[in-house]
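Trainee: Got a sequence here, can you build the structure:
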Amino acid sequence: MGTDPAEFLQGRTRETQIRRDARGHWFNGEDRIDHPNLVRSFDSWIDRAEDGRFCLSNSINWAYVEVEGPPYFVKDVSRTGDQITLHLSGGLDEMLDPDSLVQGPEGALWCTVREGRCPARFDNHAVSKMSDAVGEDEDGIYVRIGEQKVRPPEVADPLSFGAEKR
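Mentor: Modelled structure (predicted):
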């Protein structure tokens, strides 16, 4: 006896009460999620759904979540030649797309990750590791990547970047 997939999914939803606050703490409703492996997994599973909303997505399934503040933080960087590797919250490593660099309204450095779908904010440690590559001249702030001076434009809402990639 076969199961009709539409019948199986009837009544199921991808909506959850899972959320992450601006300080990076995860909750299910009002209950804080403290298990280190689950927190690390959630931090690495943040992505955008087709409709632009944030979700947790892994190789098995996905579900909507609320995320306050940046979905990802650039915790550290390493450089090899002209390449900058971003070490992100959740234990993910990605190559920096220099064209995705922007400055937030408070001067913070941001970029996009997850193939351009999610914004990431550089934390103080990551910025300090890049201090020899960040400069300012008569044309404004720049980040030197190899021989190129990348000039991150100022944007009013860096959290909105990545939503258009879906």
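
Trainee: Give me the distance between the longest strand that the chain contains and the centre of its chain.
Mentor: Criterion DSSP state E: the longest strand present in the chain is strand 72-80. What separates the centre of strand 72-80 from the centre of its chain is 12 Å, taken as Cα atoms, centre = their mean, to the nearest Å.

Trainee: Need the contact partners of that strand.
Mentor: 24, 46, 84-90, 92, 96, 111, 113-114, 118-123, 125-126, 129-130, 133 (Cβ atoms under 8 Å, 6 or more residues apart in numbering). Where you see a C-beta, it was placed from the backbone N, CA and C, and this is true even at glycine.

Trainee: Return the subset of those residues lying in strands.
Mentor: 46, 84-88, 111, 113, 118-122.

Trainee: Relative to residue 41, how far out is the most centrally placed residue in the chain?
Mentor: For the chain, the residue nearest the mean C-alpha position is residue 72 (3.2 Å; Cα atoms, centre = their mean). From residue 72 over to residue 41 the distance is 14 Å, taken as Cβ to Cβ, to the nearest Å.

Trainee: quick check: domain ranges of this protein?
Mentor: Residue ranges for the domains of the chain, per automatic domain parsing: 5-67, 72-165.

Trainee: remind me which residues of the chain are low pLDDT?
Mentor: 1-13, 162-166 (pLDDT under 70).

Trainee: If we use 50, what do you get?
Mentor: 1-3, 5-11, 166 (pLDDT under 50).

Trainee: Run a quick neighbour tally on residue 107.
Mentor: The tally of other residues near residue 107 (other Cβ atoms under 10 Å) stands at 8.

Trainee: three-state assignment of it?
Mentor: Put simply, residue 107 is coil when judged by DSSP: H, G, I helix; E, B strand; the rest coil.

Trainee: gap between it and residue 24?
Mentor: 21 Å.

Trainee: cool, and residue 100?
Mentor: 22 Å.

Trainee: what does residue 95 give?
Mentor: From residue 95 to residue 24 the distance is 24 Å (Cβ to Cβ).

Trainee: more crowded one of these two?
Mentor: Neighbour count, other Cβ under 10 Å: between residue 95 and residue 24, residue 24 has more, with 14 against 11.

Trainee: quick one: the more buried one and residue 89 touch, right?
Mentor: Yes. Counting by Cβ atoms under 8 Å, residue 24 does reach residue 89; the two are 7.2 Å apart.

Trainee: which neighbours do these two share?
Mentor: With Cβ under 8 Å, 6+ apart, residue 24 and residue 89 have common neighbours 43, 73.

Trainee: Nice, that's everything, thank you.
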